[in-house]
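**Student:** make a model of this:
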Amino acid sequence: MERQRLDKWLWHARVVKARTSAAALVEAGHVRINGVRETAPGHGVKVGDVLTIGLDRSVRLLKVIGFSERRGDAPSARALYLDLQDYPE
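**Tutor:** Model (predicted):
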C-alpha cells in the first residue's frame, strides 16, 4: 500500500475515536500535510508525509511511517507514525 485516505489513516492511528470525527477534523481545516492545509478527507497520505493536527487543546506533529488495513490496538497504532514532538531539534 503506497497511499491511504487521510481520514482513514487518522482513525487507524488512533488520533481520533471515529472515522467521521477524522473527516470532520480535516474538513474544518485542522490538518496540514507537509505544511499545506488539507480540507479533503479523501486526500492520500504517503510514507514520509508530516501531518500537523490541531486538536482541542493541543497540536500534534506526526510523521507517517506506515499503514494498516484495519484499526488495531494502541501499540499497533503507534507503529504507524513517529511523534516529532518526542525528538527536539
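**Student:** which pLDDT value belongs to the residue nearest the centre of the chain?
**Tutor:** In the chain, the residue lying closest to the centroid (C-alpha atoms, centre = their mean) is residue 10, at 3.8 Å. Looking at residue 10, its pLDDT is 97.
**Student:** what's the nearest residue to it if we skip its chain neighbours?
**Tutor:** Nearest residue to residue 10 in three dimensions, chain neighbours excluded: residue 22, at 4.0 Å (C-beta to C-beta, 6 or more residues apart in numbering). Placement of C-beta: from N, CA and C, glycine included.
**Student:** distance of that neighbour from residue 86?
**Tutor:** Applying C-beta to C-beta, to the nearest Å, the value for residue 22 to residue 86 is 22 Å.
**Student:** neighbour-wise, which of the two wins?
**Tutor:** The residue with more neighbours, out of residue 22 and residue 86, is residue 22; 24 against 7, by other C-beta atoms under 10 Å.
**Student:** now do the SS call for that one.
**Tutor:** helix (DSSP: H, G, I helix; E, B strand; the rest coil).
**Student:** contacting residues for it?
**Tutor:** 6-8, 10-11, 15-16, 41 (C-beta atoms under 8 Å, 6 or more residues apart in numbering).
**Student:** between the residues you listed, which sits nearest residue 81?
**Tutor:** Nearest to residue 81 among these, counting by C-beta to C-beta, is residue 15 at 8.6 Å.
**Student:** stretch 1-9: end-to-end distance?
**Tutor:** 12 Å (C-alpha to C-alpha, to the nearest Å).
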